[in-house]
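**Student:** just coords:
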Ligand code: FE
């Protein structure tokens, strides 16, 4: 049986073991509760891809910006005042009705972190890294994403110098929204290609 992509008990690396040990001490001393830890994790995960969401919302709103973004990701970020980070190239992968991109780093866990925020555990895990190249549709299904058979799934293996960001499809019904409203629809998963943006409320 293949390994799930979201293993809560994935092999813990050295740093994670230390963080968990510290967390346990603080909880035992009554300085914080596990619920507070979870609440903070969820808060960070919900908001820290804001910069990536802004980039996507601008690309959805401004076709000229989108072209510049696709041509040279890092210089387009500068237009929005976003510091891209210390890697050579940002490649933005545009999803269309025919092609859906998924990002993985098979060697480690490279991401454009100023855009995507805290790197999700599943992205760092061996299960995702080993399986998504071989059986992308099965992996996407585990994330709850079922793509039509006529959509080509392209899995892009990123690396330390070439970081990748998915430009997801603009959701149907989002035509009249402002850029800020559009940014609210952009989920972290959609920036990796393992999910889609949220649909606008009422659409
Ligand atoms: Fe990597």
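**Tutor:** That came in fine, so what should we check first? As the structure is a computational prediction, the values presented were derived from the model and not from experiment.

**Student:** Mind pulling up the pLDDT for the residue of the chain most remote from its centre?
**Tutor:** Distance from the C-alpha centroid of the chain, by CA atoms, centre = their mean, peaks at residue 29 (35.1 Å). Predicted confidence (pLDDT) for residue 29: 95.

**Student:** same check, this time on residue 53
**Tutor:** Each residue has a pLDDT score; the one for residue 53 is 97.

**Student:** so how many other residues sit close to it?
**Tutor:** Using other CB atoms under 10 Å, the number of residues around residue 53 comes to 24. C-betas here are computed from N, CA, C, even on glycine.

**Student:** Make residue 1 into 6 and carry on from there
**Tutor:** With the count now opening at 6, the last piece we talked about shows up as residue 58.

**Student:** Just to check, it is in contact with residue 185?
**Tutor:** No. With contact defined as CB atoms under 8 Å, residue 58 does not reach residue 185; the gap is 9.8 Å.

**Student:** What lies in contact with the helix or strand bottoming out on mean pLDDT in the chain?
**Tutor:** The helix or strand with the lowest mean pLDDT-type score in the chain, counting by mean pLDDT, DSSP states H and E, is helix 39-52 (a mean of 81). Residues from elsewhere that reach helix 39-52 (CB atoms under 8 Å, 6 or more residues apart in numbering): 28, 32, 122-123, 125, 193.

**Student:** what's in contact with the helix or strand following that helix?
**Tutor:** The first helix or strand that comes after helix 39-52 along the chain, using DSSP states H and E, is helix 55-66. Applying CB under 8 Å, 6+ apart, the set of residues contacting helix 55-66 from outside is 70-71, 74, 81-82, 85, 87, 97, 117, 119-122, 170, 172-173, 175, 179, 184-185, 187-191, 193, 195-196, 202.

**Student:** What parts of this protein come near the ion?
**Tutor:** The chain comes close to the ion at residues 110, 113, 115, as judged by CB under 5 Å from the ion.

**Student:** before we move on, back to that, quickly note the distance from the residue farthest from the centre of the chain to the ion.
**Tutor:** Counting by CB to the ion, to the nearest Å, the separation of residue 34 from the ion is 36 Å.

**Student:** I'd like to know how far that residue sits from residue 23.
**Tutor:** To residue 23, residue 34 is 17 Å away according to CB to CB, to the nearest Å.

**Student:** same check, this time on residue 50
**Tutor:** To residue 23, residue 50 is 21 Å away according to CB to CB.
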